[in-house]
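*Asks:* coords please:
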Amino acid sequence: MNSILEIIALIFIGFIAGSINTIAGGGSLLTLPILIFLGLPPNIANGTNRIAILFQNISNTAGFKSKGVSTFPFSIYIGISALIGSIIGAQIAVDIKGETFNKILAVIMILVVGFMVFKPKSTQIMKEEKVKGKYLWLSIVLFFFVGIYGGFIQAGVGFIILLILSSINNFSLVKSNAIKVVVILIYTIAAVAVFAYNDKINWEVGLVLAIGNSLGGWFASRWSVKKGDTLVKKFLIVMVIAMAIKLWLF
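*Replies:* Below you'll find the model as predicted:
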């Protein structure tokens with residue numbers, strides 16, 4: 001970090017990303033490209049981002065717990081499955097070439113934005129939660145693949161998790177978000193270990209970003225910011241499209 005201004009800007013961006021991640025997902029669509037633009041090689045930017053994600057989800061989990069939202073033991077079962085997958089995904093991310101990673105990230109960013117724009121409005125209907133038997137085992141299998149994706153790139157994984165939990169297990173949005181942060185916390189521990197072992201983390205930048213992500217996650221997990229969803233979504237769409245074009249031509 002070269003200046004106080006950069007530190008403040010990174011904390012602010014982290015706060016926005018942490019809030020977005022907690023509400024639904026997609027915060028890494030902002031932080032990953034910005035870390036690359038700050039001069040970090042793509043693999044190191046990917047690893048560095050996990051430090052912020054780790055601290056953010058510790059904060060998120062504490063925030064949801066303080067409001068009495070409990071997700072155990074279901075979140076532990078699928079979290080362990082995702083953790084195993086994340087080891088595979090993180091190792092792929094470590095080995096991939098920087099130029100290839102940039103192009104994959106650009107494509108994923110566009111796909112996630114497309115999902116954000118065109119996904120149908122969901123109307124929450126109270127249904128019985130499905131957390132036993134075949135639904136539990138189906139979730140465990142699916143979250144293994146979620147872990148591979150999350151370990152590899154992280155960006156947009158929140159949308160995938162919410163889709164599975166709402167459509168397969170019939171969880172409400174609030175409880176789905178609470179489960180999501182526990183699962184991401186669990187598998188990010190493994191992802192951080194893989195990136196750290198391969199020396200793919202800039203700890204100084206990651207810890208500064210983590211301050212912002214943690215504050216944003218704590219705020220969003222305790223107080224609903226859904227009234228600001230529309231504005232955040234528009235801002236995110238514009239930024240992601242611009243950054244995806246830049247990454248593709250990088």
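*Asks:* all helices for the protein, in order.
*Replies:* For the chain, the helices defined by DSSP state H occupy 4-23, 28-37, 42-66, 74-95, 98-118, 133-152, 157-167, 173-197, 203-222, 229-248.
*Asks:* I'd like the mean pLDDT over the first one, please.
*Replies:* The reference is to helix 4-23. Taken as a whole, helix 4-23 has a mean pLDDT of 85.
*Asks:* so how far is residue 106 from residue 131?
*Replies:* 37 Å (C-beta to C-beta, to the nearest Å). (Glycine included, C-beta is placed from N, CA and C.)
*Asks:* circling back to that earlier point, let me have the helices of the chain in TSV, extended by mean neighbour count.
*Replies:* Conversion of these to TSV gives the following (neighbours: other C-beta atoms under 10 Å):
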stretch	mean neighbour count
helix 4-23	20
helix 28-37	24
helix 42-66	24
helix 74-95	21
helix 98-118	17
helix 133-152	19
helix 157-167	21
helix 173-197	22
helix 203-222	23
helix 229-248	15
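*Asks:* now do the contacts for residue 150.
*Replies:* Going by C-beta atoms under 8 Å, 6 or more residues apart in numbering, residue 150 touches 82, 85, 86, 89, 157, 184, 187, 188, 191.
*Asks:* got those as TSV, with pLDDT columns?
*Replies:* Listed next are the contacts of residue 150 as TSV, based on pLDDT from 0 to 100:
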residue	pLDDT
82	96
85	96
86	96
89	94
157	84
184	93
187	96
188	95
191	95
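*Asks:* make JSON lines out of the residues you listed and add distance to residue 101.
*Replies:* Formatted as JSON lines, the contacts of residue 150 follow (distance: C-beta to C-beta, whole Å):
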{"residue": "82", "distance to residue 101": "21"}
{"residue": "85", "distance to residue 101": "19"}
{"residue": "86", "distance to residue 101": "17"}
{"residue": "89", "distance to residue 101": "13"}
{"residue": "157", "distance to residue 101": "16"}
{"residue": "184", "distance to residue 101": "20"}
{"residue": "187", "distance to residue 101": "19"}
{"residue": "188", "distance to residue 101": "18"}
{"residue": "191", "distance to residue 101": "15"}
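*Asks:* what's the closest of the residues you listed to residue 48?
*Replies:* Looking at these and their distance to residue 48, the nearest is residue 191, at 11.7 Å (C-beta to C-beta).
*Asks:* next one: the closest one from residue 45, what distance?
*Replies:* 14 Å.
*Asks:* cool, and residue 23?
*Replies:* Residue 23 sits at a distance of 23 Å from residue 45 (criterion: C-beta to C-beta).
*Asks:* what's the answer for residue 136, then?
*Replies:* Residue 136 sits 36 Å away from residue 45, going by C-beta to C-beta.
*Asks:* residue 94 too?
*Replies:* Taken as C-beta to C-beta, the span from residue 94 to residue 45 is 12 Å.
*Asks:* kindly report the same for residue 63.
*Replies:* 27 Å.
*Asks:* equivalent analysis for residue 62, please.
*Replies:* 27 Å.
*Asks:* quick one: low-confidence parts of this structure?
*Replies:* Within the chain, the stretches with pLDDT under 70 are 1-2, 24-25, 67-70, 112-113, 115-127, 221-250.
*Asks:* give the residue farthest from the middle of it.
*Replies:* Centroid-distance maximum for the chain: residue 133 at 28.0 Å, with C-alpha atoms, centre = their mean.
*Asks:* now for the closest residue to residue 55 other than its chain neighbours: which residues touch it?
*Replies:* Spatially, and ignoring its direct neighbours in sequence, residue 55 is nearest to residue 210 (3.9 Å; C-beta to C-beta, 6 or more residues apart in numbering). Going by C-beta under 8 Å, 6+ apart, residue 210 touches 14, 51, 52, 54, 55, 56.
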